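Asker: Sequence unavailable; structure follows:
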């Protein structure tokens, strides 16, 4: 199926896609702040500029959109029907970059927790997992 939008309209919509302060990221930030945790945002001195950094705990939280980061088995991670020759390499490249970032963080001694966009729909369950991770009881 071809794109139903004009090139200009598609470009305008894609320009609105944010890389920081996204809806899922803001939900996770509010949740953790409400739980009493304090963190640093987007530290540029760490590999991949993690979304949330807990320096005293040597822990980082990455908040990934299911579409952009290819969450396996998730309905939100479906491929667009048009321009697959563009989207498949683009999204697989994002996934490979994520794996490199996580490996670099772990090699530097950081614990890494990935929150998927779809997981932010059930904040109670996510709060339990995040607390376990930050208290050192759960590793991903």
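Answerer: In hand now; what should we look at? Keep in mind that what you see is a predicted model, and the values were worked out from it rather than measured. Numbers count the residues shown, from 1 in each chain.

Asker: Tell me which residues touch residue 110, please.
Answerer: Residues in contact with residue 110 (C-beta atoms under 8 Å, 6 or more residues apart in numbering) are 46, 50, 58-60. Just so you know, the C-beta spots here come from the backbone N, C-alpha and C atoms, and that holds for glycine as well.

Asker: Redo those residues as TSV? Include pLDDT.
Answerer: Output for the contacts of residue 110, formatted as TSV (pLDDT from 0 to 100):
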residue	pLDDT
46	95
50	95
58	96
59	96
60	97
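
Asker: The spatially most central residue of the chain pairs with what?
Answerer: In the chain, the residue lying closest to the centroid (C-alpha atoms, centre = their mean) is residue 64, at 1.6 Å. Here residue 64 sits in beta bridges with residue 116, going by DSSP bridges.

Asker: Kindly reformat the contacts of residue 110 as CSV containing secondary structure.
Answerer: Listed next are these as CSV, based on DSSP: H, G, I helix; E, B strand; the rest coil:
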residue, secondary structure
46, coil
50, coil
58, coil
59, strand
60, strand
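
Asker: just to revisit the earlier point, for the residue nearest to the centre of the chain, what are its contacts?
Answerer: If you count contacts by C-beta under 8 Å, 6+ apart, then residue 64 has 71, 98, 114-117 around it.

Asker: Could you identify the helix or strand that succeeds the worst-scoring helix or strand of the chain on mean pLDDT?
Answerer: Within the chain, no helix or strand scores below helix 7-15, which has a mean of 83 by mean pLDDT, DSSP states H and E. Helices and strands here follow DSSP states H and E; after helix 7-15, the next one along the chain is helix 23-34.

Asker: Packing partners of that following helix?
Answerer: If you count contacts as 3 or more C-beta pairs under 8 Å, 6 or more residues apart in numbering; DSSP states H and E, helix 23-34 packs onto strand 52-54, strand 59-64, helix 123-134.

Asker: just the angle between the longest one and strand 59-64, please?
Answerer: So the one you mean is helix 123-134. Counting by axes from the mean of the first three to the mean of the last three C-alpha atoms, to 10 degrees, helix 123-134 lies at 140 degrees to strand 59-64.
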